[in-house]
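Enquirer: this is a predicted model, with the sequence first.
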Amino acid sequence: MYTCFRNKIHLLFLPAHTSHILQPLDQSVFGPLKAVYKKELGLLAEWDAGTVVGKRNFVVCYGKARKAALISKNIISGWKWTGLWPVSMAKPLMSPLLLENTSTPAKPAGQVYKRLSDGKASEKWAVDTSAFADIEAIRRA
């Protein structure tokens, strides 16, 4: 980490068990990469059904997929979609991936309490969420 600091590289550590929501590449780069790669493999299979993918064909198909999917537009879109840049705390919290697994009803807008280690909510740890009063508008954003 010291080498990164010396070279002005800023490391970003994501909380545990949140990579499916916060990984920028998972959200906007790997999906298109996989789709184009599958398309290229399909074209290869149409050309010669007996062709084994092998190393050479893998490199050719992956190279085409990489050129199509690993573009700055997709990469920037991933950072924006996850809310990591520009920073938006609401985006990851309103992610459909997070909300579909929630079985408890959402707390009303106004105050959300952080949990202490003993499991009790404390008003001194309250976070003002009045800026997020229109949750539906945030979900649509």
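Expert: Yep, it's here.

Enquirer: pull the CA atoms of stretch 26-40 into CSV?
Expert: C-alpha atoms of stretch 26-40 as CSV (Å, rounded to 0.1, in the frame of the first residue of the first chain):
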residue,chain,number,x,y,z
ASP,A,26,-19.5,-6.4,-12.7
GLN,A,27,-22.2,-3.9,-13.4
SER,A,28,-21.3,-2.6,-16.9
VAL,A,29,-18.3,-4.2,-18.4
PHE,A,30,-18.3,-7.9,-17.8
GLY,A,31,-22.0,-8.3,-19.0
PRO,A,32,-21.3,-6.9,-22.4
LEU,A,33,-18.0,-8.7,-22.6
LYS,A,34,-19.7,-12.0,-21.9
ALA,A,35,-22.5,-11.3,-24.5
VAL,A,36,-20.1,-10.4,-27.3
TYR,A,37,-17.8,-13.4,-26.5
LYS,A,38,-20.8,-15.7,-26.7
LYS,A,39,-21.9,-14.1,-30.0
GLU,A,40,-18.4,-14.7,-31.4
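
Enquirer: so for it, what gets flagged as buried?
Expert: Across stretch 26-40, burial judged by 16 or more other Cβ atoms under 10 Å covers 27, 28, 29, 32, 33, 36, 37, 40. (Glycine included, C-beta is placed from N, CA and C.)

Enquirer: quick check: can you list the domain ranges of this protein?
Expert: Taking automatic domain parsing as the criterion, the chain consists of the domains 15-103, 107-141.

Enquirer: what mean pLDDT does the shortest one have?
Expert: Over the span of domain 107-141, the pLDDT mean works out to 50.

Enquirer: contacting residues for residue 65?
Expert: 33, 34, 36, 37, 39, 40 (Cβ atoms under 8 Å, 6 or more residues apart in numbering).

Enquirer: am I right that it sits in a strand?
Expert: No. Secondary structure of residue 65 (DSSP: H, G, I helix; E, B strand; the rest coil): helix, not part of a strand.

Enquirer: can you pull out the helices in the chain?
Expert: Ranges of helices in the chain, per DSSP state H, are 2-6, 19-22, 24-28, 30-47, 54-69, 72-82, 90-93, 96-99, 135-140.
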